[in-house]
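Q: sharing a sequence plus its predicted fold:
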Amino acid sequence: MTLFDWLALGFFIVCWLGYGPLLGLLARRSGTLNDDMLIVRRVWMTAMTHREIRLVDSNLLGHTINSGGFFASTNLLLIAAVASVLFGGEQAIEGFASVGAEDVPTRLLEAKLALVLLCLSRGLLDFIWSIRQLNYSLALIGAAPEVHTEADRVALGDAAANLLNPALSAFSQGVRGYYFALAAAAWLFGPVWLALGVALISGLLIWRQAASPAALAIRSARRLLEP
């Protein structure tokens, strides 16, 4: 690996591992979409405790579980495709390199594919954990008893939100894996493309979290929903 490869790879690792802490910092300063959604979901789960029939809530969660299953299945197909090249022997690597990847030693090309595979695998694990937690949330909604005091409703809503929020945070991390896998794939064309891809992907994700129309709309709704 050249110096530029190491620098670009280091930049990728810093952005990949530092994205979460950066979101936490932005949430404290100006708010982020993910942070605002934590409040929205908590209000949703509290409202759920006031409904005698919770069919709407279970349907919404069921739709989210189906979405998670779709992303996980797609992720698994991508992992299989990348792994088939990475572990398919020298002929598979050479055939892949001939379609436009940077002319580099085979070991370096394998390292580049391994980075893509790592991003996708991390995303798959996040989707699996998200689906598991969403199923737990669905069971909690189904098992929620009729409560008659406001304090009990708030406590039950908090318990449900404390289960639902990590589930959908894991879902978001899984989706984020697609973005960083795309940036990692840019390394196949050279270290400059990797650095550029990471910068563009990170900037896009931060903009969507802090300044996109969706983020601004959710921020306005949070102000209305917060007690």
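A: That came through, no problem.
Q: shouldn't residue 117 be in contact with residue 86?
A: Yes - with contacts counted by Cβ atoms under 8 Å, residue 117 reaches residue 86, the gap being 6.3 Å. All C-beta spots, glycine's among them, are computed from the backbone N, C-alpha and C.
Q: gap between residue 120 and residue 74?
A: As judged by Cβ to Cβ, to the nearest Å, residue 120 and residue 74 stand 10 Å apart.
Q: and those two? Which one has more around it.
A: Using other Cβ atoms under 10 Å as the criterion, residue 120 and residue 74 rank with residue 120 on top: 27 against 15.
Q: quick one: contacts for the more buried one?
A: Taking Cβ atoms under 8 Å, 6 or more residues apart in numbering, we find residue 120 in contact with 75, 78-79, 82, 177-178, 181.
Q: so of the residues you listed, which ones are in helices?
A: 75, 78-79, 82, 177-178, 181 (DSSP state H).
Q: which one of these is nearest to residue 27?
A: residue 177 (20.7 Å; Cβ to Cβ).
Q: count the neighbours of the closest one for me.
A: Other residues close to residue 177 by other Cβ under 10 Å number 24.
Q: how much space between it and residue 188?
A: Residue 177 is 18 Å from residue 188, where distance means Cβ to Cβ.
Q: do residue 162 as well
A: 41 Å.
Q: how about residue 139?
A: To residue 188, residue 139 is 43 Å away according to Cβ to Cβ.
Q: comparing the two, which residue is more hemmed in?
A: Between residue 139 and residue 188, residue 188 has the larger neighbour count (other Cβ under 10 Å), namely 20 against 12.
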